[in-house]
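Q: sequence first, predicted model second:
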Amino acid sequence: MGDLNIDKAKEKAISAFLKSQKGVLSANEIVEGIFAGSTKVLGQAITLLESTNPQHIEIATDVVNKCLPKSGKSIRIGITGVPGVGKSTFIESFGSYLTDQGIKTAVLAIDPSSNVNKGSILGDKTRMENLSKNPLAFIRPSPSSGALGGVANATRESILLCESAGFEVIIVETVGVGQSEYLVKEMVDFFLLLMLSGAGDEIQGIKRGIMEMADALFVNKADGTNELFSQKAAQSYKNVLHLFTAREDNWIPETGTCSAIYNTGIKNVWDIILKFKAQQTTNGWLAKRRKNQSETWLLEQVNSELKNLFLQNNEVQKNMTEITEQVVSGKITPYAGSKILMDFFTRNLK
């Protein structure tokens, strides 16, 4: 959750949107706007998804359900990488390449949230300025707010809404490489890992698990005096990837170099994605992956709902401070404390 001021401002903005001359907009009216390709309505619908207001949640849920029949036709691409790798610059270059070919492209860019107040560190700072002005592009920045996977809680549903609005490519930019990034793989078709060269040990700072789930690994900023180093780094990564166990879907991850600033290697990335889609569609793995992802989304949502029910339980709230103090002071273990709170919860279910 964001800080109180941010949340109040968001709720006020949402409420203002819902008010019209006819009163509160219905889910049908919002859906009509999305189907018509209105990026304004699409943006407001995503804002509803991010709301904690029960009325907004009800409308947003109805909107998503009504949009489901028109979703699922895009290529979903996840892009992650080490801090400073140039993800946003790459996405702007890549997105511009796609729109130049007439491909409608949506970018769900997740800004990192402050650990202090959970607000977006980047705030309203404009990124991907040129792409944001493109009529074939839609960019939606959202604070991660501590959500697992470096992805805003509403990202999964936002993908469906963007597809319903006619976007053919959905790009999810994550906050960076870490254990929580694994969840990103569970909402995209193709996972691109961007890396840098010239950092000494080329494998340093990147976990094997992240590399294993990458469908392609590209070394960015391969320009000028860094071009040769980038090519060597890409070869190093290629050698490492070949040591991993063969994948069930028979896809062999590809490597390469690119320069987002000079727009080199961008076409190669897209060609690899198209090759991946063709292969995975033919062998049935694309459909299988999406079915598995839907199951994962269901379980994640159940976990989220259970957590909310637990934290909102009156008896849990009454005893949380006391139990926490006992755990912090060493009087009881965290495990024992959780058992006590769970006992309060199960005995006082509404």
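A: Yep, it's here.
Q: only C-alpha atoms from now on, for both contacts and neighbour counts.
A: Fine.
Q: count of neighbours near the nearest residue to Val188 once chain neighbours are set aside?
A: In space, and not counting its chain neighbours, Val188 is closest to Arg76: 4.7 Å by CA to CA, 6 or more residues apart in numbering. By other CA atoms under 10 Å, the residues close to Arg76 number 19.
Q: who does Arg76 form a beta bridge with?
A: Ile170 (DSSP bridges).
Q: quick check: it vs Tyr262, distance?
A: Arg76 sits 25 Å away from Tyr262, going by CA to CA, to the nearest Å.
Q: equivalent analysis for Met213, please.
A: In terms of CA to CA, Met213 sits 28 Å off from Tyr262.
Q: and for Asn292?
A: In terms of CA to CA, Asn292 sits 38 Å off from Tyr262.
Q: quick one, what contacts the residue lying closest to Lys185 once chain neighbours are set aside?
A: Nearest residue to Lys185, sequence neighbours excluded (CA to CA, 6+ apart): Phe191, at 6.5 Å. Taking CA atoms under 8 Å, 6 or more residues apart in numbering, we find Phe191 in contact with Ile77, Gly78, Ile79, Thr80, Lys185, Met213, Ala214, Asp215, Ala216.
Q: phi first, then psi, for the second one.
A: Its backbone dihedrals place Gly78 at phi -100, psi 130, with angles given as degrees, to the nearest 10.
Q: with Gly72 instead?
A: Dihedral angles for Gly72 - degrees, to the nearest 10 - are phi 90, psi 0.
Q: check it and give its pLDDT.
A: Confidence at Gly72, expressed as pLDDT, is 94.
Q: and it, how many neighbours?
A: Gly72: 16 neighbours (other CA under 10 Å).
Q: and the longest helix along the chain, what's buried?
A: Identified as the longest helix of the chain according to DSSP state H is helix 285-312. For helix 285-312, a neighbour-count test (16 or more other CA atoms under 10 Å) marks Trp285, Leu286, Arg289, Arg290, Gln293, Trp297, Phe310 as buried.
Q: cool, stretch 338-350 as well?
A: Leu341, Phe344, Phe345.
Q: who's in contact with the second one?
A: When the contact criterion is CA under 8 Å, 6+ apart, the partners of Phe344 are Glu315, Val316.
Q: so it, which state does it fall into?
A: helix (DSSP: H, G, I helix; E, B strand; the rest coil).
Q: how about the strands in the stretch 101-250 of the chain?
A: Per DSSP state E, counting those that start in this stretch, the stretch 101-250 of the chain carries strands over the ranges 105-111, 137-143, 169-173, 190-195, 216-219.
Q: adjacent strands (with direction) for the shortest one?
A: The strands beside strand 216-219 in its sheet (DSSP bridges) come out as strand 190-195 (parallel), strand 254-257 (parallel).
Q: out of those strands, which gets nearest to Lys331?
A: Lys331 lies closest, by CA to CA, to one member of these: strand 190-195, at 45.0 Å.
Q: for that closest one, what is the average pLDDT?
A: 94.
Q: CA atoms of that strand as PDB?
A: The C-alpha coordinates for strand 190-195 follow below in PDB (Å, rounded to 0.1, in the frame of the first residue of the first chain):
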ATOM      1  CA  PHE A 190       8.500 -14.500 -23.700                       C
ATOM      2  CA  PHE A 191      11.000 -13.500 -21.000                       C
ATOM      3  CA  LEU A 192      13.900 -11.200 -22.100                       C
ATOM      4  CA  LEU A 193      16.900 -10.700 -19.800                       C
ATOM      5  CA  LEU A 194      19.100  -7.600 -20.500                       C
ATOM      6  CA  MET A 195      22.700  -7.500 -19.200                       C
END
